[in-house]
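Undergrad: Fold the following for me, if possible:
(one chain, ligands or ions: 1)
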Amino acid sequence: MADAAAGSLGFAVAGRRDLLFAAAELIERDGSVIGRRIVSAAELRSGQPELAGLLERLGRRHDPVAGLALDRPLIMGVVNVTSDSFSDGGRYLAADAAIAHALQLEAEGADILDIGAESTRPGAKPVDLQVELSRVMPVIEALAPQVRAPLSIDTRKAEVMRRAARAGAALINDVSALTYDPDAPQVAAETGLPVVLMHAQGDPRTMQDDPRYEDVVLDVYDWLGARIEACERAGIPRSRLLVDPGIGFGKTLAHNLALLGASSIFHGLGCAVLLGASRKSFIGGLTGADAQGRLPGSLAAALLAAEQGVQVLRVHDVAATRQALAVWEAARGA
Ligand code: HH2
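TA: The predicted structure follows:
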């Protein structure tokens, strides 16, 4: 039991007394046969060894990430120093514009600033290393001495990770979960920084062509579990890893909705969970809204994730998300 005080009410997730689950769906896969059953908190605590390990990981209290306690949902503000990002490509390509935008997001209440210089939207072309460095480094170098919010570097390239860490980045966010660049696991380990491992199926250029899963939630869960183990072997302890199911990365509308609805399952991996649903195309797929008109759907997704204990919400609209979370937190606490 993660938190004895939770008593018979339920089991606490991620060391959070405010996140008590009364029951869980236990999903077991044996080859192609998948069994599902609801188990009560009491049964989970019944002492069966396989359930005890799962309960320990579900309830694990996480170390702070980049100095930030994980006892409430954190807001990661997106800064795209790109020409072609799906919702704001070109707006912050110039370093001055990106720096001003980052400062604005911090003033609006961003806990973390995620700086990236390569779009990974469906169909995006890879960005050359020198181009990526020339875009992202001036922004990180300018922000590091003047912001309170830790800087995250959103990259798939080991050399960008290394240089950004030297310039003051406090978190590595890799949408390929350190699989794109063969040097990335070792370099990420050497930086000593926490790392976000995001699931993606396929490459950005082709990932939306025909994504398929046997069971999307289980497949993503198992893939992330294997990536955690690979990173541990490369010298990055699980306590420094965050996991992200990768909304929109090689997923249909149905896949995205299944993952969003089941985001609490990823606590079972024993890492903090990050989710990026902001402005993504599944919102358009459900409602017809274009990328600029997806704020209401983004807020709904953020609150759903917060309700499931997701620790970091990656968003474009920081002020609006901050307000939505303030109401959600105040009402829950009342
Ligand atoms: N989504 C995007 C980029 N990086 N990182 C994580 N961990 N999770 C995500 O869901 C995620 C991410 C795509 O969003 P954006 O940066 O706005 O678009 P683009 O890739 O077109 O720059």
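
Undergrad: Could you count how many residues lie near the closest residue to the ligand within the stretch 201-334 of the chain?
TA: The nearest approach of the stretch 201-334 of the chain to the ligand comes at G276, 2.4 Å away (C-beta to the nearest ligand atom). The C-beta positions use only the backbone N, C-alpha and C, and glycine is treated the same way. Using other C-beta atoms under 10 Å, G276 has 29 neighbouring residues.

Undergrad: Contact partners for the nearest residue to it once chain neighbours are set aside?
TA: Nearest non-adjacent residue to G276, counting by C-beta to C-beta, 6 or more residues apart in numbering: R314, 3.6 Å away. R314 sits next to M76, V78, D114, L274, L275, G276, S278 when contact means C-beta atoms under 8 Å, 6 or more residues apart in numbering.

Undergrad: ok so the third one is a strand residue?
TA: Yes. Following the definition DSSP: H, G, I helix; E, B strand; the rest coil, D114 is counted among the residues of a strand.

Undergrad: Once you drop chain neighbours, what's closest to it?
TA: S152 (4.3 Å).

Undergrad: Is the one you found in a helix, a strand, or coil?
TA: Applying three-state DSSP: S152 is strand.

Undergrad: So which residues on this structure come close to the ligand?
TA: 78, 80, 82, 85-87, 116, 119-121, 154, 173, 175, 196, 198, 244, 246-247, 274, 276, 314 (C-beta under 6 Å from any ligand atom).

Undergrad: which parts of stretch 210-230 are buried?
TA: 211, 213, 216-221, 223-225, 227-228 (16 or more other C-beta atoms under 10 Å).

Undergrad: In helices only, show me these.
TA: Judged by DSSP state H, the buried residues of stretch 210-230 include V216, V217, L218, D219, V220, Y221, W223, L224, G225, R227, I228 as members of helices.

Undergrad: how about the strands in the stretch 51-200 of the chain?
TA: 74-80, 112-116, 151-154, 171-174, 195-198 (DSSP state E, counting those that start in this stretch).

Undergrad: Report how far apart the opening and closing residues of stretch 170-184 are.
TA: Taking C-alpha to C-alpha, to the nearest Å as the measure, stretch 170-184 stretches 16 Å from start to finish.

Undergrad: List the beta-bridge partners for the most centrally placed residue in the chain.
TA: By C-alpha atoms, centre = their mean, the chain has its centre lying nearest to L274, at 2.4 Å. Beta bridges link L274 to V312, judged by DSSP bridges.

Undergrad: What helix or strand is V243 located in?
TA: strand 241-244 (DSSP states H and E).

Undergrad: The helix or strand encompassing A258 - contacts with which helices or strands?
TA: In the assignment (DSSP H and E), A258 maps to helix 253-261. Counting contacts by 3 or more C-beta pairs under 8 Å, 6 or more residues apart in numbering; DSSP states H and E, helix 253-261 packs against helix 216-233, helix 281-287, helix 295-307.

Undergrad: could you redo these as CSV and give each row mean pLDDT and distance to Q186?
TA: Shown next, in CSV, are the helices and strands packed on helix 253-261 (pLDDT from 0 to 100; distance: least, C-beta to C-beta, whole Å):
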stretch, mean pLDDT, distance to Q186
helix 216-233, 98, 10
helix 281-287, 97, 34
helix 295-307, 97, 32
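
Undergrad: Between the ones you listed, which one is closest to A107.
TA: With C-beta to C-beta as the criterion, A107 lies closest to helix 295-307 of these, at 18.5 Å.

Undergrad: List the buried residues in that closest one.
TA: Neighbour-count burial for helix 295-307 flags L295, G297, S298, L299, A301, A302, L303, A305, A306 (criterion: 16+ other C-beta under 10 Å).

Undergrad: No further questions, thank you.
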